[in-house]
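Peer 1: Got a predicted model here, sequence first, then my questions.
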Amino acid sequence: MLSAGVLQPAGAGTPATAGAFLPQPFTIHYERYDYHVMLTFEGHPEYEAVEAFIRETPELEIRAVVTRHDQSQTDYFNTEDFTVPGNGSGVERERLYAAMTYERAGTKKAPSVSLSFQTKKGESLEFFLVATSAPLRKYGGLVDPGNHSPDTSLPVMFREGSSLASEESFIAFDGVQCTIPILVDAAPFFTGYKGYYSEAMRIAVIRAGSSQIEFTRVPDQFTPGEKWVFMEDGVPQEWTITERHGSSVYIEGPDCVLRCVADGNRLGLLSVACTNDEPDMTFLIDFKSPVRISGGEGSRNTETEFSLSIAGKKRVVTGTVSVESDAAQTRIVLSPRSPDWAVPRGVSTTLTSAGSTLKRDVVIVNGE
């Protein structure tokens, strides 16, 4: 167990005492994109899908994802200064820079996106999608990720509107086009191909991976102004207690605000809200009762319910969360129960304490 009872003031630059704990134990990455496009295809010996997450303002940012038949993926970014926070190490997922040519054009009723770049093998990839219509809200909503990267993340994706790819769409490698299957065949009135053009795409990912944390400062008491200061895999981090009202404690850190409950030297987590979006539209983790992340002596096992919300839609993923801990280790397991696609993507977070050092290991576990 990671105990707050042994926390002492450790002034900046001095080693924190044993038992330091993370106020926010989950590895969350959350983004909002202006557009998301995807084509699924047949006929390539290695690949089966290409998609792109696009943000046009304030500067053009593109993350293109190439999915292989074995469901492994490679990310390509149009800028060399890219980061994917919260991933840590230990997960095989390539992230590479690629010079890209991009254009969003077409008409309001039939928008299009063209994208081209070279893969790591030197292949020329040409992506062109023409939508069958403007994105429609009735085709938006929560996205089923299917079997993509099943062992590396629990993704929660929500698109405000979407439409299918039209016959003019194509995907080509070194000039050789692949076949895009028909998804909806209502000819002669309508034919939709297996591709999507979506607007206002939000994606939250709880990622697998490992990280090493070295504390330099920890709170003496759960009062405003007290901080957790640490290095995570060499990157400085800081979490600050900003408010306290009775037993309610609010903590702010990188792109997140935490709502907690303090009970003496113990701290329980009630919610995690991402702050890099509008407050009523952002990604939120809620717990029915506090999830103990610190405090107390001896071992303990607890269980409660959790829910994930995004884009103003409450409880899009629900399930149970269990906590098992002893003197040196805490294990927190999120076990989704709904929707069905989330069930095999449970998240197990193990926090192992050794003096002022903490090791965080996150793995995806099958909850079926």
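Peer 2: Perfect, thanks for sending it. As the structure is a computational prediction, the values presented were derived from the model and not from experiment.
Peer 1: if you count residues, which strand in the chain comes out on top?
Peer 2: strand 190-207 (DSSP state E).
Peer 1: For the stretch 151-300 of the chain, give me the ranges with low pLDDT.
Peer 2: Residues of the stretch 151-300 of the chain meeting the criterion pLDDT under 70: 295-299.
Peer 1: what about the strands in it?
Peer 2: With DSSP state E, counting those that start in this stretch applied, the stretch 151-300 of the chain shows strands at 153-165, 170-173, 176-177, 182-186, 190-207, 209-217, 227-232, 235-245, 248-253, 256-263, 266-274, 284-292, 300-310, listed in chain order.
Peer 1: quick one on the thing from earlier: name the residues of the longest strand of the chain that are buried.
Peer 2: Of all the residues in strand 190-207, those buried under the rule 16 or more other CB atoms under 10 Å are 192-207. Every C-beta, even on glycine, is put in place using the N, C-alpha and C of the backbone.
Peer 1: same thing with stretch 214-226?
Peer 2: Residues of stretch 214-226 classed as buried by neighbour count (16+ other CB under 10 Å): Glu214, Phe215, Thr216, Arg217, Val218, Pro219, Phe222, Glu226.
Peer 1: Show me which of the residues you listed is closest to Glu168.
Peer 2: For Glu168, the nearest member of the buried residues of stretch 214-226 is Glu214. The distance, counting by CB to CB, is 54.2 Å.
Peer 1: Which strand residues bridge that closest one?
Peer 2: Taking DSSP bridges, one finds Met231, Thr357 as the beta-bridge partners of Glu214.
Peer 1: Would you agree it is in contact with Phe230?
Peer 2: Yes: using CB atoms under 8 Å, Glu214 and Phe230 qualify as a contacting pair, with a distance of 6.0 Å.
Peer 1: thinking again about what came up before, and the buried residues of stretch 214-226, which two are furthest apart?
Peer 2: Largest separation among the buried residues of stretch 214-226 by CB to CB: Glu214 and Phe222, giving 21.9 Å.
Peer 1: can I get the strands of the stretch 151-300 of the chain in TSV with distance to Thr357?
Peer 2: Written out in TSV, the entries for these read as follows (distance: least, CB to CB, whole Å):
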stretch	distance to Thr357
strand 153-165	26
strand 170-173	46
strand 176-177	52
strand 182-186	51
strand 190-207	21
strand 209-217	5
strand 227-232	9
strand 235-245	14
strand 248-253	19
strand 256-263	22
strand 266-274	20
strand 284-292	21
strand 300-310	22
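Peer 1: Quick check: which of those is nearest to Tyr35?
Peer 2: Scanning the strands of the stretch 151-300 of the chain with CB to CB as the criterion, the closest one proves to be strand 190-207, at 5.9 Å.
Peer 1: Could you name the helices and strands sitting against the closest one?
Peer 2: For strand 190-207, the contact count by 3 or more CB pairs under 8 Å, 6 or more residues apart in numbering; DSSP states H and E identifies strand 28-40, strand 153-165, strand 182-186, strand 300-310 as packing neighbours.
Peer 1: Of all the ones you listed, which one is nearest Ile251?
Peer 2: With CB to CB as the criterion, Ile251 lies closest to strand 28-40 of these, at 14.4 Å.
Peer 1: I would like the residues contacting the next helix-or-strand element following that closest one, please.
Peer 2: Proceeding N to C from strand 28-40, the next assigned helix or strand is strand 47-55, under DSSP states H and E. Applying CB atoms under 8 Å, 6 or more residues apart in numbering, the set of residues contacting strand 47-55 from outside is 31-42, 60-69, 102, 104, 113, 115, 125, 127, 148, 171, 173, 201, 203.
Peer 1: And the residues you listed, which of them are buried?
Peer 2: Of the members of those, the ones counted as buried by neighbours, 16+ other CB under 10 Å, are 31-41, 61-67, 102, 113, 115, 125, 127, 148, 171, 173, 201, 203.
Peer 1: Okay, buried residues for stretch 278-291 please.
Peer 2: Buried residues in stretch 278-291, counting neighbours by 16+ other CB under 10 Å, are found at Met281, Thr282, Phe283, Leu284, Ile285, Asp286, Phe287, Pro290, Val291.
Peer 1: Widest-spaced pair of those residues?
Peer 2: So, the buried residues of stretch 278-291 by CB to CB: farthest apart are Met281 and Pro290, at 25.4 Å.
Peer 1: Just give the number of residues close to Pro135.
Peer 2: Taking other CB atoms under 10 Å as the criterion, the count of residues near Pro135 is 20.
Peer 1: May I ask you to confirm that Val205 is in contact with Ile28?
Peer 2: Yes: judged on CB under 8 Å, Val205 makes contact with Ile28 at a distance of 7.3 Å.
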